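Asker: fold the following, please.
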Amino acid sequence: MEHVRYCMENIRAILYRLLVFNSQSVESKHLFAMKMREKDQDLGKSSSEAEGVGR
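Answerer: Numbers count the residues shown, from 1 in each chain. Okay, here's the model as predicted:
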């Protein structure tokens, strides 16, 4: 059940990212992408063990 919740959070985050991404100008898209990459790296450190469950 924990894995399902984790997947749903990922899907929600991706959908939100796409929504924001599509509504931004080209310059801010680049900044947004860099910001998201940093956030993903931070999340990757804490959720790396959770990803192993799905494989």
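Asker: look at Met8 and report its pLDDT.
Answerer: Listed pLDDT for Met8 reads 92.
Asker: mind checking what secondary structure it has?
Answerer: helix (DSSP: H, G, I helix; E, B strand; the rest coil).
Asker: what about it, how many neighbours?
Answerer: Met8 is flanked by 10 other residues according to other C-beta atoms under 10 Å. Where C-beta positions appear, they are placed from N, C-alpha and C, glycine not excepted.
Asker: and if you look at Arg12?
Answerer: Arg12, neighbours per other C-beta under 10 Å, totals 10.
Asker: begin at 58 from here
Answerer: Sure, I'll start counting at 58 from here, so that last one is Arg69.
Asker: what about it, helix or strand, and which?
Answerer: Here Arg69 sits within helix 59-79, counting by DSSP states H and E.
Asker: could I have that helix exported to CSV, CA atoms only?
Answerer: Presented in CSV, the C-alpha positions along helix 59-79 are these (Å, rounded to 0.1, in the frame of the first residue of the first chain):
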residue,chain,number,x,y,z
GLU,A,59,2.9,2.3,0.7
HIS,A,60,4.2,1.8,-2.8
VAL,A,61,0.9,2.8,-4.3
ARG,A,62,0.8,6.0,-2.4
TYR,A,63,4.4,6.7,-3.5
CYS,A,64,3.5,6.2,-7.1
MET,A,65,0.4,8.4,-6.9
GLU,A,66,2.6,11.2,-5.4
ASN,A,67,5.1,10.9,-8.3
ILE,A,68,2.3,11.0,-10.9
ARG,A,69,0.7,14.1,-9.2
ALA,A,70,4.1,15.8,-9.1
ILE,A,71,4.8,15.1,-12.8
LEU,A,72,1.3,16.3,-13.8
TYR,A,73,1.7,19.5,-11.8
ARG,A,74,5.2,20.0,-13.4
LEU,A,75,3.7,19.7,-16.9
LEU,A,76,0.9,22.1,-16.1
VAL,A,77,3.3,24.7,-14.8
PHE,A,78,5.8,24.0,-17.5
ASN,A,79,3.3,24.5,-20.3
